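K.L.:
coordinates only, sequence not included:
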């Protein structure tokens, strides 16, 4: 689109990707559940998943352990790109339009979700299930603040405070586990 928003007729089958439901469950929830389960199994139950986690945690130690860290960096970027592409497709289906900056308002939510997810279930360790719980909590926060009529900037300030608290809590938990 050369950076131009696209508003037009889209097939109903495409729109149903994000607007439909199955047995009363919204399709976006089903997509998220499938992706979380897949990511959890991949990271925790497969050798490539553990190698990827080791590469992300400490690249030098992973390389010295015999792991091809370049391969797993590329694999991580590929999964990230696939996730971004799927998200773009689902957002386009949800909105019924394509806008190059359509997801820019979700950046703070993404950071807050990931960092909150690292404090909820695990101590400073990212996990798909923790991220899922973080997303639920941020979604509840967004809905609650919208229902209360909070201005958008207050919502961002609140999420910023949550990010600071999540990082602080994670830091204290990590120090406590290290014995310091």
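P.N.:
In hand now; what should we look at? Small disclaimer: the values here were computed from a predicted structure and weren't measured.
K.L.:
drop to CA atoms for contacts and neighbour counts, all remaining ones
P.N.:
Will do.
K.L.:
Just the buried residues of stretch 52-68, please?
P.N.:
Of the residues in stretch 52-68, those buried by neighbour count under the rule 16 or more other CA atoms under 10 Å are 52-55, 59, 62, 67.
K.L.:
which two in those residues are spaced the farthest apart?
P.N.:
53 and 67 (11.0 Å; CA to CA).
K.L.:
any residues touching stretch 24-40, and which ones?
P.N.:
With CA atoms under 8 Å, 6 or more residues apart in numbering as the test, stretch 24-40 has contacts from 17-21, 90, 127-129, 132.
K.L.:
Any of those residues buried? List them.
P.N.:
Among the contacts of stretch 24-40, those classed as buried by 16+ other CA under 10 Å are 17-20, 90, 127-129, 132.
K.L.:
Next, format those residues as a markdown table and append distance to residue 163.
P.N.:
Output for the buried ones among the contacts of stretch 24-40, formatted as a markdown table (distance: CA to CA, whole Å):
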| residue | distance to residue 163 |
| --- | --- |
| 17 | 31 |
| 18 | 28 |
| 19 | 30 |
| 20 | 32 |
| 90 | 26 |
| 127 | 17 |
| 128 | 18 |
| 129 | 18 |
| 132 | 16 |
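K.L.:
can I get the residues you listed in TSV with pLDDT and secondary structure?
P.N.:
Converted to TSV, these look like this (pLDDT from 0 to 100; DSSP: H, G, I helix; E, B strand; the rest coil):
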residue	pLDDT	secondary structure
17	86	helix
18	88	helix
19	89	helix
20	87	coil
90	90	helix
127	85	coil
128	89	helix
129	90	helix
132	90	helix
